[in-house]
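*Asks:* Quick one, fold the following:
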Amino acid sequence: MSKRNYQVSNRLIHRTLCLSLGAVLLASPLSVSAAEISSKVVSENKVTITSSISVNGFKGSALAVGENHFLTLKEIENKWGGIDPDYKPDQAITAVKEVLPQKEYESLFPYRLGSPEWYKAAKGKEYYKEDQVDYFSYDNLIAAVTEVSNIKLKISTRKGSTSAQEIQRLDKEARIETLISRSSDFNSSDNLKKEIDTVIVDFGTFLKEGFKKDRKRELAAFLANLAHETGGGWATAPGGELKWGLFWNENIAGRTGVNKDAFVDPATSELYPGVKDKRYYGRGPIMMSWNFNYGLFSSIIYGDKNVLLSKPEIISADGKVGFMTAILFWMTPQAPKPSAHDVIINKWKPAKEDIAKGLSQPGFGITIMVLNGLETNLGETEGSSVKRRAGHYRDITSRMGVDITGEKIDTLGMKPF
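*Replies:* Predicted structure coming up:
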């Protein structure tokens, strides 16, 4: 993957790495994968709060980075658009179980990392671990959905200066607001004269918006894309290639040392400094990589960027945290790209420029374009990465009893956002 000069604010979940058993990844460990993003976080479908002007110009948060503040319910309403009771954490378990019961989930992924079948397949291999837990367990999925449901994210950007940005986190239950990131130029004398565009993302809407069919399609699309990213199967694999989704949770080249890169980006090392002897290669269901992603996601999950920067291995050790990083990625729009969540539940409406690029039929195919813009104009043909993604999607929706007839699930005719 080529090195690009992304601005700090535009790096959310960029450059993550796909896993496969093929030699291509081992030979080219920096291939772009599902998380190659190139724009700031905005969405016309999210709550937008305009900034107010004072004698000192347009001010952002009064908090210092890392500082917490308890909010009254009125303050939450004014600053965060309130807390919708439909999106609270206590409904997360019901949301998952309604669309995919545990027994069906486990039958979809019998070779998932740490399962009994995984132990049989991995026995004697170099990656075998006697104490490997069921990383992609159903319980970890539910726990991740529950925890992210308690988080709202606010991204404030200076108009005309996409690098000038600050990000805040709201813990709904604790009613604690935390400023987790602010670019050094956000409150410069010039930027104070610029208005602030503010977007709020409620992660509690995962699997909880749209018709029940849409909620099932969302989980199917989410798991299908993750199953491809972490797939360990091959054409003649026992039980079929699709049974081997969720087999890996670390980039092979990074884990084995074939690629010894620390994955620390100099342009973001001041904001998210890499720790000595720590490497930020792809880990987790979405194969999150690079220091800026570890630092930012650590801030969103823990309210502290140093947790995952100091211990990046947490992501591959704790399945709940791994699933959380994937859900946060899935839910976060990055203009000109919508979030995959908004696409799959038909909340996103294509603009003229999207339609001109063939991005006019909301569905699984466009979620692929959101996750990996390099998989353009691909059908379900042999050797196509879209074939396995689509195969997982067909398999999962079929088991859920969801009819996807007429839905465009490949990327033929599509160009990147």
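*Asks:* What helix or strand is the closest residue to residue 284 other than its chain neighbours located in?
*Replies:* Distances taken as Cβ to Cβ, 6 or more residues apart in numbering put residue 322 closest to residue 284, at 3.7 Å, once the chain neighbours are dropped. Backbone N, C-alpha and C define where each C-beta goes, glycine included. Using DSSP states H and E, residue 322 sits within helix 319-331.
*Asks:* still on that earlier bit, pretty sure the residue nearest to residue 284 sits against residue 249.
*Replies:* Yes: in this structure, residue 322 is within contact of residue 249 by Cβ atoms under 8 Å, at 6.2 Å.
*Asks:* Spell out which residues are contacts of both of those two.
*Replies:* Jointly contacting residue 322 and residue 249 under the rule Cβ atoms under 8 Å, 6 or more residues apart in numbering are 135, 283-285, 316.
*Asks:* Tabulate those residues (CSV), appending neighbour count.
*Replies:* Listed next are the shared contacts of residue 322 and residue 249 as CSV, based on neighbours: other Cβ atoms under 10 Å:
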residue, neighbour count
135, 24
283, 30
284, 27
285, 34
316, 21
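*Asks:* which of these lies closest to residue 274?
*Replies:* Comparing the shared contacts of residue 322 and residue 249 against residue 274 with Cβ to Cβ places residue 283 closest, at 14.5 Å.
*Asks:* Mind listing the residues bridging to the closest one?
*Replies:* Following DSSP bridges, residue 283 is listed with bridge partners residue 250, residue 288.
*Asks:* if we can go back for a sec, list the contacts of the helix holding residue 322.
*Replies:* Outside helix 319-331, the residues touching it (Cβ under 8 Å, 6+ apart) are 12-13, 35, 133-137, 140-141, 143-145, 147-148, 201, 203, 205-206, 222, 226, 249, 283-286, 288, 297, 300-301, 314-316, 339-341.
*Asks:* one more time with 7 Å, if that's ok
*Replies:* Residues from elsewhere that reach helix 319-331 (Cβ atoms under 7 Å, 6 or more residues apart in numbering): 13, 35, 135-137, 140-141, 143-145, 147-148, 201, 203, 206, 222, 226, 249, 284-286, 288, 297, 300-301, 314-316, 339-341.
*Asks:* same deal with stretch 240-255?
*Replies:* 17, 19, 25-26, 29, 109-113, 118, 135-136, 226-227, 230-235, 237, 259, 279, 281-285, 287, 316, 322, 388, 391-392, 395.
*Asks:* burial measure for the residue nearest to residue 284, as a count.
*Replies:* Here the count is done by other Cβ atoms under 10 Å, and residue 322 has 28 residues near it.
*Asks:* now it: how far from residue 357?
*Replies:* 32 Å (Cβ to Cβ, to the nearest Å).
*Asks:* sec struct for the closest residue to residue 298 other than its chain neighbours, please.
*Replies:* Closest residue in space to residue 298, ignoring its immediate chain neighbours: residue 308 at 3.5 Å, by Cβ to Cβ, 6+ apart. Here residue 308 is recorded as helix under DSSP: H, G, I helix; E, B strand; the rest coil.
*Asks:* before we move on, what about residue 114?
*Replies:* Following three-state DSSP, the label given to residue 114 is coil.
*Asks:* who's in contact with it?
*Replies:* 132-135.
*Asks:* Weed out the non-buried ones from these.
*Replies:* Buried subset of the contacts of residue 114 (neighbour count, 16 or more other Cβ atoms under 10 Å): 134-135.
*Asks:* Distance to residue 195 and secondary structure added to the contacts of residue 114, as TSV?
*Replies:* TSV is the format used below for these (distance: Cβ to Cβ, whole Å; DSSP: H, G, I helix; E, B strand; the rest coil):
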residue	distance to residue 195	secondary structure
132	51	coil
133	49	coil
134	49	coil
135	45	coil
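*Asks:* mind checking how far residue 123 is from residue 319?
*Replies:* 21 Å.
*Asks:* higher neighbour count, the two?
*Replies:* A count of neighbours by other Cβ under 10 Å puts residue 319 above the other of residue 123 and residue 319, at 26 against 9.
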